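S.K.: The sequence isn't on hand, but the structure is:
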Ligand SMILES: CC/C=C\C/C=C\CCCC/C=C/C(=O)SCCNC(=O)CCNC(=O)[C@H](O)C(C)(C)COP(=O)(O)OP(=O)(O)OC[C@H]1O[C@@H](n2cnc3c(N)ncnc32)[C@H](O)[C@@H]1OP(=O)(O)O
């Protein structure tokens, strides 16, 4: 089952709060059960594999059984609907192919991901905004809610949605002289709680609150010092090796117990997210449609283009 497949939330909305909470628990149980089945199935032999969607590739190392999921949308892996959908397809594929773990990385030389593709949100219609935000939610929950060991080899800058994907993983290794963070307040926008939850999982509350209110972009070294990244690597290859070593550290741990323990840690955030996901889409559409936000987006895009030409 894809974790993004919904609890029947539209039905839950018609229920009393007690019934709703019980539906969510049912969803959680279903989710844990299906992850359990997947974990049991993962006991079989490893397979060598290399596959691709339009904007992602998956390569499974035949020795380690670890899958590397590479985002490949030049120039900066900005997250358009296609990339978000391809990420979900690749995550599902990795979950189903008996891989031992998932490493997320980028095919770009200096950018992990530039976050949401601002062109997708600018001068568009409500239906497109709904699709963009829903696919961002789906990609996040597929990664955050995966029972597999996950790690991000952050081989470049990771602002906003890039940081979101990296912090959905359990472990982060970053190359030097890059930046990572949730810069939404710098853009005059507020990131919803679910979007911050990976960030809040890894940073002390006080550090997270200050960084989020400042919209702070951490350098690699600063990110390492506060614990936003776990290790620094001198190259992408080294980052991939360190991520593999992290995933390898679970080799002697029962994968079922590991996966369920991880999901228990994340269950509260997932439950909260499921409660608000539809409202969250409506909030995003309302925010992104506001004339002043649209104007700011246009200016932001112009400035990005000017900077690129310098
Ligand atoms: C602004 C949004 C406002 C409102 C949205 C409303 C509601 C709420 C949303 C809440 C959550 C939002 C999440 C997001 O992810 S928003 C995106 C935030 N991302 C950024 O701010 C990053 C911007 N990019 C950069 O800082 C740099 O590009 C980066 C990643 C450091 C790489 O630098 P560099 O290698 O020098 O590359 P360039 O800057 O020259 O960029 C090359 C090329 O790519 C275009 N581009 C860059 N980032 C984006 C992007 N996020 N979306 C679309 N396009 C992007 C850039 O314009 C250049 O284009 P060109 O045509 O000049 O080649």
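M.R.: All right, it came through fine. Since we're looking at a predicted model, the values are computed, not measured.

S.K.: Check which residues of the host helix or strand of residue 196 are buried.
M.R.: For residue 196, the host element (DSSP states H and E) is helix 193-202. Buried residues in helix 193-202, defined by neighbour count with 16 or more other Cβ atoms under 10 Å: 194-199, 202. All C-beta spots, glycine's among them, are computed from the backbone N, C-alpha and C.

S.K.: Run through who's touching it.
M.R.: The contact list for helix 193-202 (Cβ atoms under 8 Å, 6 or more residues apart in numbering) reads 137, 140, 144, 163-164, 166-169, 172, 182, 208, 211-212, 227-228, 266, 269, 272-273, 276-277, 280.

S.K.: Give me the next element, helix or strand, following that helix.
M.R.: helix 205-214.

S.K.: Which SSE is immediately downstream of that following helix?
M.R.: Using DSSP H and E, the first helix or strand after helix 205-214 is strand 218-219.

S.K.: And the ligand, is that following strand touching that?
M.R.: No. Judged by Cβ under 6 Å from any ligand atom, strand 218-219 and the ligand are separated, with a smallest distance of 12.3 Å.

S.K.: Buried residues in the helix or strand immediately after that strand in the chain, which are they?
M.R.: Next along the chain after strand 218-219, taking DSSP H and E as the criterion, comes helix 220-226. For helix 220-226, the neighbour count (16+ other Cβ under 10 Å) marks 220, 222-224, 226 as buried.

S.K.: tell me what the helix or strand just after helix 220-226 is packed against?
M.R.: Using DSSP H and E, the next helix or strand after helix 220-226 towards the C-terminus is strand 231-232. Other helices and strands packing on strand 231-232, by 3 or more Cβ pairs under 8 Å, 6 or more residues apart in numbering; DSSP states H and E, are strand 171-174, helix 220-226.

S.K.: Tabulate those in CSV, adding columns for mean pLDDT and distance to the ligand.
M.R.: Output for the helices and strands packed on strand 231-232, formatted as CSV (pLDDT from 0 to 100; distance: least, Cβ to the nearest ligand atom, whole Å):
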stretch, mean pLDDT, distance to the ligand
strand 171-174, 98, 14
helix 220-226, 98, 13
